[in-house]
Every structure is written in structure tokens, then in C-alpha cells.
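>>> return atomic coordinates for the entry below.
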Amino acid sequence: MMGQLLSSILNLVSTEMPISLGRANYGLNLQIGNLPSNLQIVDYAHSLTGFVHDASAFEHTAAVRHTDWFFQGDEFVWVDSAYPVTPHTIPVHKWPAALLAENTIFDSAVANLRVQSEHCMGALKGWWQCLQGL
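Residues are numbered from 1 along each chain as shown. Predicted coordinates:
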């Protein structure tokens, strides 16, 4: 899952004074889940305003609330180290465990998936011009 704060969109629809663009003020958090193999978006959640950590916003996605829709058997998703460990989420390692050689290999593989997810967000922003600049 990937988090984005959509404060720019709120500025476009506001008829009053412009809404502050600071992360700690007003914005709409959007969580997008995509498949790294083809960048297909398979889950999203929105509505949390202001500064909300991605791990907190993730709790409002269908992937967490309805795990049987997304995961079968031992399937899981790799997540950032700030996310909790669950039967279906495996986070990258925090320091000092991240320094171990076997963990470095694992974390590098997760980082490559993160780049693919970033490309998905770039493609999404390309489709909707109002999302550019986030």
C-alpha cells in the first residue's frame, strides 16, 4: 500500500480561503494498493484528513478489514517497517536487524517492489493532472 496526502485537490474545490498545504493541516489521505507484477490497483481507502501515518490509514483498507478477499493460505504483502506484523503483512527490518546480511537481501527485494509501486503512483498522477505536484 502506498499513501498520498491530497491537499492540492482540496484547494481546487475550496470556495473559501485556500487550505494550507502543510502535511499537518488539512488534506485527504489516500491509500492505494497495487500489484507489483502489473501495477494493477486492487485496493484503496480514502477520507482520513490531516496528518495520518500510512500505517494508521492502512487499517481502513479492505486488505486489512477483509483479508479473505485478498489473501489465500500463506499469501502476504511486504510493507514499510512502520507497519505492524500480522499474518498477512511482513515489514522490512528496523535497525539494528537491518544490518544483518540476510535481512539486507530481503529489504533490498522489498525496496525494488517499492520502486514499482512508486511508478504506479506516477502513472496515476499522469492520468489525473490534478494529482500532479503532490
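>>> span of stretch 65-78 from start to end?
One end of stretch 65-78 sits 17 Å from the other (CA to CA, to the nearest Å).
>>> give me the buried positions along that stretch.
Across stretch 65-78, burial judged by 16 or more other CB atoms under 10 Å covers Thr67, Phe70, Val77, Trp78. (Glycine included, C-beta is placed from N, CA and C.)
>>> same deal with stretch 110-121?
Buried-residue list, stretch 110-121, by 16+ other CB under 10 Å: Val110, Arg114, Ser117, Cys120, Met121.
>>> just to revisit the earlier point, which of the buried residues of stretch 65-78 sits closest to Ile32?
Val77 (12.8 Å; CB to CB).
>>> beta-bridge partners for the closest one, please?
On the basis of DSSP bridges, Val77 is bridged to Thr89.
>>> from Leu113, how far off is it?
Distance, Val77 to Leu113, using CB to CB, to the nearest Å: 9 Å.
>>> distance check, Ala98 against Ile105.
11 Å.
>>> now do the same for the nearest residue to Thr67 once chain neighbours are set aside: its pLDDT.
Excluding its sequence neighbours, the residue lying closest to Thr67 (CB to CB, 6 or more residues apart in numbering) is His88, at 5.4 Å. His88 carries a pLDDT value of 86.
>>> so His88 sits right up against Gln72, yeah?
No - the pair His88 and Gln72 fails to qualify as a contact (CB atoms under 8 Å) at a distance of 10.3 Å.
>>> burial count for Ser56?
15 (other CB atoms under 10 Å).
>>> what's it sitting at in phi/psi?
phi -70, psi -40 (degrees, to the nearest 10).
>>> what is the least confident helix or strand in this structure?
Counting by mean pLDDT, DSSP states H and E, the weakest-scoring helix or strand in the chain turns out to be helix 7-13, with a mean of 39.
>>> pLDDT of the longest helix along the chain, averaged?
In the chain, with assignment by DSSP state H, the single longest helix is helix 101-127. For helix 101-127, mean pLDDT rounds to 79.
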